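Q: please work out how this folds:
(one chain, ligands or ions: 2)
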Amino acid sequence: MTKLSVNINKIATLRNARGGNNPDVVKVALDCERFGAEGITVHPRPDERHIRFQDVLDLSPVLNTEFNIEGYPDKRFMEIIRKVKPAQATLVPDPPNAITSNSGWDTITHQEMLKDIVAELKEIGTRVSIFINPEAKYFEPAKSTGTDRVELYTEPYASNYSINREWAIKPYVEVAHIARELGLGLNAGHDLDLHNLKYLKSCIPFLDEVSIGHALVCDALYYGLENTIQMYRRQLEG
Ligand SMILES: CC(=O)[C@@H](O)[C@H](O)COP(=O)(O)O
Ligand SMILES: NCC(=O)COP(=O)(O)O
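A: Ligands and ions are numbered 1, 2, ... in the order given. Predicted coordinates for the structure are as follows:
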């Protein structure tokens with residue numbers, strides 16, 4: 001079964017736009033869980049443009065599903081992970097000024113650093129996932145870091161889906177089987193939506209988890225949050 005983890009970054013974007021507490025990020029997260037989300041994902045960026053570090057502290061004690069915290073493993077990120085000990089930490093190589101995540105890790109060049117980070121996170125009992133591009137050369141080095149899972153960076157798939165979906169999915173199917181052979185758990189995320197999710201799932205049925213935020217929140221403006229979460233869940237059935 002592939003779990004849906006709802007990324008609530010963009011709920012925080014809307015809240016921050018007016019300086020108050022509407023929408024209430026904690027309330028929305030709990031409602032997402034009630035509506036069928038099987039996890040909550042946040043990405044507290046260094047500039048706190050959306051999710052703030054305080055949001056992480058407010059969410060952690062009240063969530064009922066898995067809490068997945070994404071981010072670059074700098075000092076502040078590691079401190080918050082040590083503090084809240086989430087179910088999962090997803091390491092992304094984003095520079096502080098990145099408009100959004102735009103690549104996975106070079107697990108060859110950064111293997112030693114990742115090894116140390118992964119060991120520290122596993123020591124505190126947090127499952128570790130490493131954001132990764134669908135390039136086979138990065139998978140054995142990823143395994144060598146000791147990570148539990150990898151998260152396939154799916155923006156290239158999403159942007160090529162409408163052009164030629166069989167071509168777009170090909171590298172992802174190839175590396176998904178490599179990950180499985182290596183004993184790595186398999187997540188996926190970035191730019192997944194109601195158009196491309198079902199095909200991804202049909203081609204990689206053993207996906208452990210997808211984390212989806214931007215498109216899901218946009219869809220909720222038209223279909224409502226509860227209905228939208230159910231619509232995404234149905235794309236993952238079978
Ligand atoms: C790692 C990933 O692909 C997403 O969490 C992405 O980082 C979302 O970040 P923004 O919501 O800031 O675009
Ligand atoms: N890890 C991907 C994520 O959490 C959400 O990405 P997106 O759906 O906002 O592009």
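Q: what's the neighbour count on E123?
A: Here the number of neighbours of E123 (other Cβ atoms under 10 Å) works out to 9. For every residue, glycine as well, the C-beta is placed using N, CA and C.
Q: swap that for T145, sorry
A: Considering only other Cβ under 10 Å, T145 is surrounded by 22 other residues.
Q: assign the closest residue to it other than its chain neighbours to helix, strand or coil.
A: Excluding the flanking residues, the one nearest T145 by Cβ to Cβ, 6 or more residues apart in numbering is L114, at 4.2 Å. Using DSSP: H, G, I helix; E, B strand; the rest coil, the structure places L114 in helix.
Q: per-residue pLDDT, L114?
A: pLDDT, L114: 98.
Q: what's around it, how many residues?
A: 24.
Q: residues in contact with it?
A: Contacts for L114 (Cβ atoms under 8 Å, 6 or more residues apart in numbering) come out as L91, W105, T107, I130, A142, T145, T147.
Q: how many residues are close by the residue nearest to I8 when sequence neighbours are not counted?
A: Distances taken as Cβ to Cβ, 6+ apart put A29 closest to I8, at 5.6 Å, once the chain neighbours are dropped. Neighbours of A29 under the rule other Cβ under 10 Å: 25.
Q: secondary structure element for A29?
A: helix 25-35 (DSSP states H and E).
Q: is ligand 2 contacted by that helix?
A: No: using Cβ under 6 Å from any ligand atom, we find that helix 25-35 stays clear of ligand 2, coming within 12.9 Å at best.
Q: buried ones in that helix?
A: V25, V26, V28, A29, L30, C32, E33, F35 (16 or more other Cβ atoms under 10 Å).
Q: nearest to ligand 1, of these?
A: Minimum distance to ligand 1 across the buried residues of helix 25-35 is 13.1 Å, recorded for V25 (Cβ to the nearest ligand atom).
Q: mind jotting down where the helices sit in the chain?
A: Taking DSSP state H to define them, one finds helices in the chain at 9-18, 25-35, 53-59, 75-84, 111-123, 139-144, 155-161, 165-182, 197-203, 214-223, 225-235.
Q: going by neighbour count, list what's buried in the fifth one.
A: To tie it back to what came earlier, the one meant is helix 111-123. So, applying 16+ other Cβ under 10 Å, buried residues of helix 111-123: Q111, L114, K115, I117, V118, L121.
Q: so who does the residue nearest in space to the middle of the chain touch?
A: The geometric centre of the chain, computed from its C-alpha atoms, lies nearest to S211 (Cα atoms, centre = their mean), at 4.2 Å. Listed by Cβ under 8 Å, 6+ apart, the contact partners of S211 are S5, V6, N7, G39, T41, N68, E70, T90, E151, N187, A188, G189.
Q: could you list which residues are in contact with the last one?
A: Translated: G189. By Cβ under 8 Å, 6+ apart, the residues touching G189 are N7, T41, E151, L152, Y153, T154, V210, S211, I212.
Q: ok, the second one - contacts?
A: Spelled out, that is T41. Counting by Cβ under 8 Å, 6+ apart, T41 has contacts S5, V6, N7, I8, N68, I69, E70, T90, G189, S211, G213.
Q: ok so, going back, nearest to ligand 1, out of the helices of the chain?
A: With Cβ to the nearest ligand atom as the criterion, ligand 1 lies closest to helix 9-18 of the helices of the chain, at 3.5 Å.
Q: may I see the buried residues of the closest one?
A: Applying a neighbour-count criterion of 16+ other Cβ under 10 Å, one finds N9, K10, I11, A12, R15 buried in helix 9-18.
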